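S.K.: let me see the structure of the following:
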Amino acid sequence: MFRDDDPGLAELRRIALGFPEAVEKVSHGRPVFCAPKMFAIYGGSTKATGEMVRYPHALLVKVDESERRALEQDSRFFYPMYLGPSGWLGLNFGAAPVDWGEVGELVDASFRLTATPRLIRLLDGD
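M.R.: I've put the predicted structure just below:
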């Protein structure tokens, strides 16, 4: 379901594995970044008009409820199957040129929503 030489995955790896104690594993055929809880996933799918739509080049992240509505208004974002009800959104890398600064911010926010206080202190350099 993914290729190791995918440039989007390579850049996401660079970002995600820079977080304290982050590791990559494969779950359900997708690269998942954990510390130890999942905070980013490469690739996803949604159900639109009764049919599954796959986004092989996408980022799934947990988002804060206060940000969800604004992000959902952006056509690059989608409501991922299975994880959407738990507060996750997907960013389709194929919808527009990828802003890697934005990706870094989304991954950072997701990490902070899932990580332990100790890992957040490590991230902040405390």
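S.K.: which strands and helices sit next to the longest helix along the chain?
M.R.: In the chain, with assignment by DSSP state H, the single longest helix is helix 100-114. Other helices and strands packing on helix 100-114, by 3 or more Cβ pairs under 8 Å, 6 or more residues apart in numbering; DSSP states H and E, are helix 7-16, strand 38-48, strand 51-62, helix 117-124. Using the backbone N, CA and C atoms, a C-beta is placed for each residue, glycine as well.
S.K.: out of the ones you listed, which is closest to residue 74?
M.R.: Closest approach to residue 74 among the helices and strands packed on helix 100-114 (Cβ to Cβ): strand 51-62, 13.1 Å.
S.K.: tell me what the closest one is packed against?
M.R.: Using 3+ Cβ pairs under 8 Å, 6+ apart as the contact test, the elements touching strand 51-62 are strand 38-48, strand 77-78, strand 88-92, helix 100-114.
S.K.: repeat that with 7 Å
M.R.: Strand 51-62 sits against strand 38-48, strand 88-92, helix 100-114, with contacts defined as 3 or more Cβ pairs under 7 Å, 6 or more residues apart in numbering; DSSP states H and E.
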